[in-house]
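Engineer: missing the sequence, but the structure's below:
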């Protein structure tokens, strides 16, 4: 059920394969559309740049997310990391055929260095967690949890900030 | 040096006393102007609704900060709480005559309930912390830390989310 997507970080639509079946649960345009339906996410100018089974990457340009010191605003860094983790949990559940509402329960962010580049966040499951268990629990109980990690690196590879957060998924109402 | 400001939560300019000396370090319009110089903060439609010696309150309307479930987007909640804490540290240092750059070092956010009202965050120093010590350390070393707390309540008084974060202040470059 999980389609391997490995786009480059090019912002234009060429990152979507021409014959991509966009009506599948994992359709990247569908995820991006859902994210961009939220006004605060549109303000970030967020876009999906890639995902595979174990990670998902979201990007946002620096300009709309800049602070008064000329680097990336902490709130935008936290938002993009949170959304990357949320999107990965959501797409993994969808790919397993589940209709779920995913919520962030809590998160801790460490701001390590200022970021003067565009924002590129990558999210994955935290060490010690297992997707099979996360998905099996949802299938069994209609509810599950996932401890997620995300990070944003500068263009030179240095880690600028990290997030660790607990996400909860509940059976969808719809 | 600290001017007691206790506005009501009215969003219009009537919250600023007509004879307010706006060129003082604590001038609320100056703080609001500095906050709104950041594009991501303008996107939040943030405004200062009040402050006193020990707390500072920032607000943002729900509409530009709504998620796909019709309640407040987690990233906006975290941003408004972080900014309230940042603004309180900044204004306390300014009020003491210090030119400081204030940074958030890390923060933990707990999302307790969805918020269906406008966002109103209140920040204060965490229990066990003392402003006199925070300010004295800055005066002595040109660097200090403050552990801050912030929360957002629904209109009915229920706490929807909390933040605890460490902030660092360094002697300003300017």
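Structural biologist: Done, it's in. Just so it is clear, the model here is predicted, and its values are computed rather than measured. Residues are numbered from 1 along each chain as shown, chains lettered A, B, ... in the order given.

Engineer: Pull out the buried positions in the helix or strand of chain A with the lowest mean pLDDT.
Structural biologist: Lowest mean confidence among the helices and strands of chain A (mean pLDDT, DSSP states H and E): helix A:28-36, at a mean of 85. With burial defined by 16 or more other Cβ atoms under 10 Å in any protein chain shown, the residues of helix A:28-36 counted as buried are A:28, A:31, A:32, A:35, A:36. C-beta coordinates here come from the backbone N, C-alpha and C atoms, glycine included.

Engineer: ok, the last one - contacts?
Structural biologist: Applying Cβ atoms under 8 Å, 6 or more residues apart in numbering or on different chains, one finds that residue A:36 lies in contact with A:42, A:46.

Engineer: How about the fourth one?
Structural biologist: Applying Cβ under 8 Å, 6+ apart, we find residue A:35 in contact with A:41, A:46, A:48, A:58, A:83, A:87.

Engineer: what bridges to residue A:106?
Structural biologist: Beta-bridge partners for residue A:106, by DSSP bridges, are residue A:166, residue B:110.

Engineer: gap between it and residue B:160?
Structural biologist: To residue B:160, residue A:106 is 13 Å away according to Cβ to Cβ, to the nearest Å.

Engineer: between the two, who's got more neighbours?
Structural biologist: Taking neighbours as other Cβ atoms under 10 Å in any protein chain shown, residue A:106 and residue B:160 compare with residue B:160 leading, 21 against 16.

Engineer: Whichever strand or helix holds that one packs against which elements?
Structural biologist: According to DSSP states H and E, residue B:160 maps onto strand B:159-171. Applying 3 or more Cβ pairs under 8 Å, 6 or more residues apart in numbering or on different chains; DSSP states H and E, we find strand B:159-171 packed against helix B:74-95, strand B:100-111, strand B:143-153.

Engineer: Let's see the pLDDT reported for the residue most central in space within chain A.
Structural biologist: The centroid of chain A falls nearest to residue A:84 when counting by Cα atoms, centre = their mean (1.4 Å). pLDDT recorded at residue A:84 is 98.

Engineer: ok, it - contacts?
Structural biologist: Listed by Cβ under 8 Å, 6+ apart, the contact set of residue A:84 reads A:56, A:57, A:58, A:121, A:122, A:123, A:150.

Engineer: sorry, back to before: who wins for proximity to residue A:155 among the helices and strands packed on strand B:159-171?
Structural biologist: When the helices and strands packed on strand B:159-171 are compared for distance to residue A:155 using Cβ to Cβ, the nearest one is strand B:100-111, at 20.9 Å.

Engineer: Any residues of chain A in contact with chain B? List them.
Structural biologist: A:34, A:37-41, A:43-44, A:63-69, A:73-76, A:78-79, A:82-83, A:101, A:103-111 (Cβ under 8 Å from any Cβ of the partner chain).

Engineer: go again using 6 Å as the cut-off
Structural biologist: Applying Cβ under 6 Å from any Cβ of the partner chain, one finds that chain A approaches chain B through A:37-40, A:43, A:64-65, A:67-68, A:73-76, A:78-79, A:82, A:104, A:106-111.

Engineer: Quick check: residue A:80 vs residue A:161, distance?
Structural biologist: 10 Å.

Engineer: can you count the residues close to residue A:135?
Structural biologist: The tally of other residues near residue A:135 (other Cβ under 10 Å) stands at 19.

Engineer: Leaving out the residues flanking it, which one is nearest to it?
Structural biologist: residue A:96 (4.9 Å; Cβ to Cβ, 6 or more residues apart in numbering or on different chains).

Engineer: Double-check residue A:61 against residue A:119; I have them as touching.
Structural biologist: No - in this structure, residue A:61 is not within contact of residue A:119 by Cβ atoms under 6 Å, at 7.6 Å.
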